[in-house]
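Chemist: Got a predicted model here, sequence first, then my questions.
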Amino acid sequence: MKKFLILTIIVLFTGGVTMSQFKTPECVAKLNGFTFLKTYKLDNPTKEVEYSYVFSKDNSYMLIICNKDGAQKNASVTLYDSNRNMIASSYDEANKRHYYALAYNCRSTGIYYMKFKFDDPSTECSSVLAFKR
Amino acid sequence: MNLNHINQFIGPFMKNLLLFAVFVSLLFFACDSSTSNNQSDEAKLQQMLDSANAAPQDNKLPEAAVGEILKQIPSPIETSVLIKKSGGTYSKDILNPSENAQSYSSNYKKALNLGVYGADLGYINIYEKNKESLYYLNSIKSMADGLNIGQFFDFETIKRLANNNKNADSLLNITTDNFNKINSFLYEQKRSDQSVLILTGGWLEGLNIMCQIAQKNKNPKLYERIGEQKIIIDQLVLVLSNYESDSNIKLLNNDLKQLQEIYKKVQITYTYKESKMEIVDGIPTIVDKSESKVNITDAQVVELAKLTSSIRNKIVS
Amino acid sequence: MSEEILKSLAQLYAIITKQDGGVTESEKTFVVNSFKKKLNLATAEQYINLYEEFLKDGEGKEDGKKKLTSVKDSVKTLGICRKINKTLTQKQKIVVLIELLEILKSEKSKDADQQQEIIDTVAIAFNIEKDEYKTLQTFVLHDDIQLFGDENVLVINNRDSSTIPGNAKHIHSDYTDGNIFFVRVKSVDMIFLKYTGNDELTMNSLIIGPDDVTLFSQGSTAKTKLGGVFYYSDVLSHFISESATVKLSFQVNNLEFRFPNHKIGLRDVNISEGSGKLIGIMGASGAGKTTLLNVLAGLEIPYKGEVLINGFNLHKEKEKVRGVIGYIPQDDLLIEELTVFENLFYSAKLCFKNKSDEELTLLVNKVLDNLGLIQSKGLRVGNALNKSISGGQRKRLNIALELIREPSVLFVDEPTSGLSSRDSENVMDLLKELTLKGTLIFVVIHQPSSDIYKMFDKMFLLDVGGFPIYYGNPVEAITYFKKVSQQADSDKGQCTTCGNVNPEQIFNIIEEKVVDEYGHFTASRRLTPKQWNESFISKFELKRVEDIKDNSFSILNIPNKFKQFWVFVVRDFKSKLYNKQYMLINLIEAPLLAFILSFILRYNNNTNGTGYVFRYNENIPAYILMSIVIAIFIGLSISAEEIIKDKKILKRETFLNLSRNSYLLSKVMILFMFSAIQTLTFVLVGNAILGINGMYLEYWLVLFSVACFANLTGLIISSAFDTAITVYILVPLLLIPQMILSGSIFSFDKINDIIRSKDKVPMVADLMASRWAYEAIAVKQFRDNKYEKFFFKVEQKENIANFNIIYLLPELNERLDYAYQNLNSKNDSILKLCINNMTILKSELLKKKIIPTSLKLSEKDIESISIEKLDNISYEKYRIYLNGLSDYYTKIFNESNKEKESYLFALSRINGGTDVNKLKDDYFNESLSDLVKNATAKKRIIDANGYLAPKTDYIYFRPVERRGTFDYRAHFFSPEKHFAGSFYDTFKFNIFVIWLSGLLLYLILYFDLLRRLLNIFGKVTILKT
């Protein structure tokens, strides 16, 4: 009887999700005032993956690359606008430097494309998109 | 051999056994009669089903394309943040009451309103009305369970966070993440029609909230954002037309197409300028120099607001 | 005698004596003496004068017509007789008639024609039968033995029987001189005596004169100076010995009885009697009277010796003497609620197979009439607090219950205790009459009055410790004891003037205490029981009656089992019906509880704050449980006392050898009827208030079954225990486990590991009727209500597919991966896990083998899954197979999902538009749904002994795992049960189980197993001490 009363107040959800999903707590910790939007799974090494999103004017967006052990040496994200002009990349070709994030202050609303690439098959990798007004 | 002998032979014990057997068989017949009743209703149902056109899904767009478009649609959270930043005060009345959850019986309604409540939840979270969020989380749970995707909500964690005002950010993050996961799952399970509905619901609710507040505030930023939704509605209509074999979706899409018509009058102009990149705090930061501009009149906003409201009310009632 | 009668008598005397030429001196003398004998001097004078006045009235007028009886006189006579008829009893009239006849005799000189005529007229007017009158006439008027050839005449003389004329009876006695004549007036059951001889005859110590015709009353003794003693009962028995219907011999040989603790209760008892005798058993408290009665009746088994009835051993050959014995215990065994008539009627119905109801009614009325109960036949018997009939009537009714059967041997335990003296006499008269019909009656009697004491034919006296100390004529007993204790006037058994005997004297003598030197009584007796016993044995020798070997008496004519059953039912039902309090409470209890329960549980739960919606009532699962608990409770309490109440009546009816089965089944039937009504009213009220629609019959079926189960349980404990209190204390012990293990208050997953089962309902819980009932209702309510029934099948498909996709297949994948990765581990525990994982994989895939997949995994392959066979290739194969399964289930899910949508749509359109939501609100309950789906489970799938068991969506999963053909076990809320190769709907299966266990309970009841078990325990503890 008591059990059913408790049911009113606390509706217990199921836990134990057994989907093999890559959880992103470490990435979220780096958000610093940005609000989390999406997680992009990168599970196809050596192949480029493209995702798109509508960026809105007056928002700042940040793309963070998350690796299990923090090493983002082998991953990069490149941003393109709606006309597929390249805007920026987290990989500095010139200095052969990988940055772990990319930020974009948007002033024009439209569909933006993000291309992801990572080389190391042994690690799991994902990217988090966040925004701030 | 007269009756006495028979009686004596059978004895009351056997007679009672007989009665028992009669009783048991009556029991079975009674229960069977209830199932036969069931069948007559079921027969009716079957007739209806047979007469309904079960045309196979006519995918105009490939699944992958649908998925991509769906992922593009911005999260309603952005809308909520915008509203808050524009100085809007928290108003519970513009949200869909959480009690309505009980009246959604079809998958169609459930999916749409899952999205609606998701948007409402974001709104509540932005304004850090954590206590309210519990009710909405309940409704979301019941919607999700009804769609067999309830397992994606780690309700215990969420509830814990909801009880503590300090955790607004975490709460927001987790719920957003959960919604993302749901949509991914549905897509993987070839149930993207439900995913579409969720996203449409969420988007529509977001738009509705914006319109309601914009009419009070007359904030130009809000107006602008409303206008920008033109981009999205085009995508939505496109995707939804994939699923028009479902009569409900077809009706919905017709409504959205009407909205699309109004949006045709809204102009978005785009000026391109090359962006500038800087390294800020160790992160390459790009400042966008291009600009998009939206031409939208008060009257158009009013029109949009009205239509949005009516479509949205159809969904949530 | 009243004034009226005396006046009438005077008149009659006058008329008669003046006939035939006027009154003579001897006649006058006779009349005078007659009055003087009856009245005191003064009153006698008064009536003598009156007589003389009447004489004068008629005289002197008709000189010439003296020869003829005047018509006037005849008319006057008739008038007087009519008056007398109204006031005198028949017995008294006979006495008057005899007086008149004696007048005739007194005057021998006259020619008494006219007188004779008048007396004839009187006889006719008194409605005296012609033959009887003739006999009486002869008896009074003549002395010649040759004239006494009538069968109603008995002669005692010292001559041979052959000298007796006609059908007259004869007793030969050497102690008589002359003839003692007895005449029996059958119609009024009176015996008169006359003595013609030279000896002095005394009756009750009164001297009988010659020519005296004296009434020989019950208990009287006639004695001659020569030493002849003649008892009333002996005389009477001669008159009725021919009419005795049963030839009986009752022999008790060297009987010894010991109590369970081996103390001796009876020592060396010897009795020998024939039919038609009234034997008294007396003794001090604790002497063993009731024990003796019980042993003789066959209720107790003797330690030594035997009791033989017509040669058959009562204890060893019970069947041969069935129906012969009747037993009337001290407590009355009446059914309080029924009327006097009904009590007897139903008892009679159980005794007589072939009599119709009309015949029985006649018989019952006759018996009631005989016992003087006919006036109160419509009164309820009542109990000590609620008397409707007097104590005497109760006792008589008790006797009637045995009498109606006319047993040949009757045992009565203290029939007069607690009765007024008049009632006592009535009762004893009754018994005495029975003996006249040939019944042998043993009566334990305590402090009888003088009259009652004299009624007995023989008296058996016991002293403390079971010592027989006297067995013989009651009045002689006094003489004997006085003699032995050397008392004066010991030859006077009874008071000479009043005829009273004082039985107390006997006990005073027996128990006389020794006086000490101070003149005080000590505690020790002058003569111990053993000494009395020795005295008795030495002085008396038992005269054995002839052994009769005739078993035609055993005519137990009980009706067949079904008829018995029906009588029990009608009787029990009537008695319940008349107890208004009982009926009212029983009928109101259930609906009242239902009202209270459902009223409290119905709360405004609609989301907008107003109104009640069935769908959101979270108390429904609790209501179901409470209904079941209430049904059990009521079922138990109504039946707990049933058999205890009847214990006494059952004891009495053991002599009838009635069928225990019939009795039990009658109880069962009545209780079931009550249960049916109670549960029906409960369901009608409770379900209606809570808005549980469309399930009335289903709820009722389950609750009725459960209540019947409780009824049988109650009957068992009622049969095993002797007091109601014990039973009621047991009720919580029976009820609480039902609540605990019903699966409702405490989930079966959260109980002690010893009891708990991972994937099925614990066996302990399977013993509880509540568990079956709760599951039955929950499953039925959820699945078959008017809303859910449309969706259940498709939901089942959908949910099972979903379960596989979300839980089962990922789990299998995980386990497979684990096993694959740790294939070559050196760690034992890890290896164990791997083996377990592979076992699980195999068993789960085997279950799914019927699912078509286009993948290359044959049944043989699946059966050979093991850790040994796991390698890269097989691993890949398995993965692909699992993925294929996932796709398959995804497809099924989506299809079912769509199907469900279309059902919903169609449903809303049928019947011209149905509000589906309202349908759901009215018929579907969310809390119950959560319950049967176990929606709040944290772990939704567990490893249960080599396979994966779902811990959610219970209602959708069939029991798959079976340990054998007869393995019926399943998880809680399973929609179907498996047994012997087939699946059965849970609702029907569960109800069937409850009834099956009911049957089992009935067998326990029938064989009284609980009582036997308790007895064994009792013996164990005794042994220990």
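Modeler: That came in fine, so what should we check first?
Chemist: Tell me the strands beside the helix or strand containing residue A:103, with direction?
Modeler: According to DSSP states H and E, residue A:103 maps onto strand A:101-105. Taking DSSP bridges as the criterion, strand A:101-105 pairs within the sheet with strand A:60-67 (antiparallel), strand B:283-287 (parallel).
Chemist: for these, which one sits closest to residue B:157?
Modeler: Of all these, the one in closest proximity to residue B:157, counting by C-beta to C-beta, is strand A:60-67 (19.9 Å). Yep, even glycine has a C-beta here, placed from its N, CA and C like the rest.
Chemist: For that closest one, list the C-alpha coordinates in PDB.
Modeler: The C-alpha coordinates for strand A:60-67 follow below in PDB (Å, rounded to 0.1, in the frame of the first residue of the first chain):
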ATOM      1  CA  SER A  60      28.200  32.200 -29.800                       C
ATOM      2  CA  TYR A  61      28.700  28.600 -30.600                       C
ATOM      3  CA  MET A  62      31.400  26.300 -29.300                       C
ATOM      4  CA  LEU A  63      32.500  23.000 -30.700                       C
ATOM      5  CA  ILE A  64      34.500  20.900 -28.200                       C
ATOM      6  CA  ILE A  65      36.300  17.800 -29.100                       C
ATOM      7  CA  CYS A  66      36.200  15.100 -26.400                       C
ATOM      8  CA  ASN A  67      38.500  12.200 -26.100                       C
END
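Chemist: Give me the next element, helix or strand, following that strand.
Modeler: Heading C-terminal from strand A:60-67 (DSSP H and E), you reach strand A:75-80.
Chemist: List the contacts of the closest residue to residue C:690 other than its chain neighbours.
Modeler: Among residues not flanking residue C:690 along the chain, residue C:598 sits closest, at 4.7 Å (C-beta to C-beta, 6 or more residues apart in numbering or on different chains). Residue C:598 makes contact with C:623, C:685, C:686, C:687, C:688, C:689, C:690 under the criterion C-beta atoms under 8 Å, 6 or more residues apart in numbering or on different chains.
Chemist: List the buried residues of the strand or helix carrying residue C:598.
Modeler: According to DSSP H and E, residue C:598 maps onto helix C:580-601. By neighbour count with 16 or more other C-beta atoms under 10 Å in any protein chain shown, helix C:580-601 contains the buried residues C:586, C:589, C:590, C:591, C:593, C:594, C:595, C:597, C:598, C:601.
Chemist: which residues in chain A form helices?
Modeler: Here chain A has its helices, by DSSP state H, at A:2-9, A:25-29.
Chemist: Find out how far the host helix or strand of residue C:530 is from the centre of the chain, if you would.
Modeler: Assigned by DSSP H and E, residue C:530 belongs to helix C:529-539. The chain centre lies 41 Å from the centre of helix C:529-539; the measure is C-alpha atoms, centre = their mean, to the nearest Å.
Chemist: swap in stretch B:195-203?
Modeler: Using C-alpha atoms, centre = their mean, the offset of stretch B:195-203 from its chain centre is 6 Å.
Chemist: contact partners of that stretch?
Modeler: With C-beta under 8 Å, 6+ apart as the test, stretch B:195-203 has contacts from B:66, B:70, B:73, B:75-76, B:108, B:111-116, B:118-119, B:179, B:182-183, B:186-187, B:229, B:232, B:236, B:239-240, B:242-243, B:249, B:252, B:256, B:315.
Chemist: Let's test this: mean pLDDT of it, rounded?
Modeler: Stretch B:195-203 shows a mean pLDDT of 92.
Chemist: List the buried residues for that stretch?
Modeler: B:195, B:196, B:197, B:198, B:199, B:200, B:201, B:202, B:203.
Chemist: So the fifth one belongs to a strand, correct?
Modeler: So the one you mean is residue B:199. No - counting by DSSP: H, G, I helix; E, B strand; the rest coil, residue B:199 falls outside a strand, being helix.
Chemist: confidence score at the nearest residue to it once chain neighbours are set aside?
Modeler: Leaving aside its chain neighbours, residue B:199 sits nearest to residue B:73 (5.2 Å; criterion: C-beta to C-beta, 6+ apart). In this prediction, residue B:73 carries a pLDDT score of 86.
Chemist: For residue B:73, give me its contacts.
Modeler: Residue B:73 touches A:54, B:199, B:203, B:232, B:235, B:236, counting by C-beta under 8 Å, 6+ apart.
Chemist: just to revisit the earlier point, please report how far the residue nearest to residue C:690 lies from residue C:686.
Modeler: Taking C-beta to C-beta, to the nearest Å as the measure, residue C:598 falls 4 Å from residue C:686.
Chemist: Also residue C:527?
Modeler: 76 Å.
Chemist: ok, those two, which is more surrounded?
Modeler: The neighbour count for residue C:527 versus residue C:686, taken as other C-beta atoms under 10 Å in any protein chain shown, is higher for residue C:686 (27 against 19).
Chemist: Tell me the confidence at the nearest residue to that one once chain neighbours are set aside?
Modeler: Excluding the flanking residues, the one nearest residue C:686 by C-beta to C-beta, 6+ apart is residue C:594, at 3.6 Å. Residue C:594 is assigned a predicted lDDT (pLDDT) of 95.
Chemist: Just list the residues touching residue C:594, thanks.
Modeler: C:627, C:630, C:681, C:682, C:683, C:684, C:685, C:686, C:689.
Chemist: so residue C:340 touches residue C:398, yeah?
Modeler: No - Residue C:340 lies out of contact with residue C:398 (C-beta atoms under 8 Å); the separation is 11.0 Å.
Chemist: Look at these two and report which has more neighbours.
Modeler: Taking other C-beta under 10 Å, residue C:340 and residue C:398 do not tie; residue C:340 has more neighbours (27 against 22).
Chemist: And the closest residue to the more buried one other than its chain neighbours, how far from chain A?
Modeler: Nearest non-adjacent residue to residue C:340, counting by C-beta to C-beta, 6+ apart: residue C:377, 4.9 Å away. According to C-beta to the nearest C-beta, to the nearest Å, residue C:377 and chain A sit 56 Å apart.
Chemist: just residue C:877 next, same as before
Modeler: 20 Å.
Chemist: And the helix or strand hosting that residue, what's buried?
Modeler: Using DSSP H and E, residue C:877 falls within helix C:872-909. Neighbour-count burial for helix C:872-909 flags C:874-875, C:878, C:881-882, C:884-886, C:888-890, C:892-894, C:896-908 (criterion: 16+ other C-beta under 10 Å).
Chemist: quick revisit: what's the closest of the buried residues of helix C:580-601 to chain A?
Modeler: residue C:601 (10.6 Å; C-beta to the nearest C-beta).
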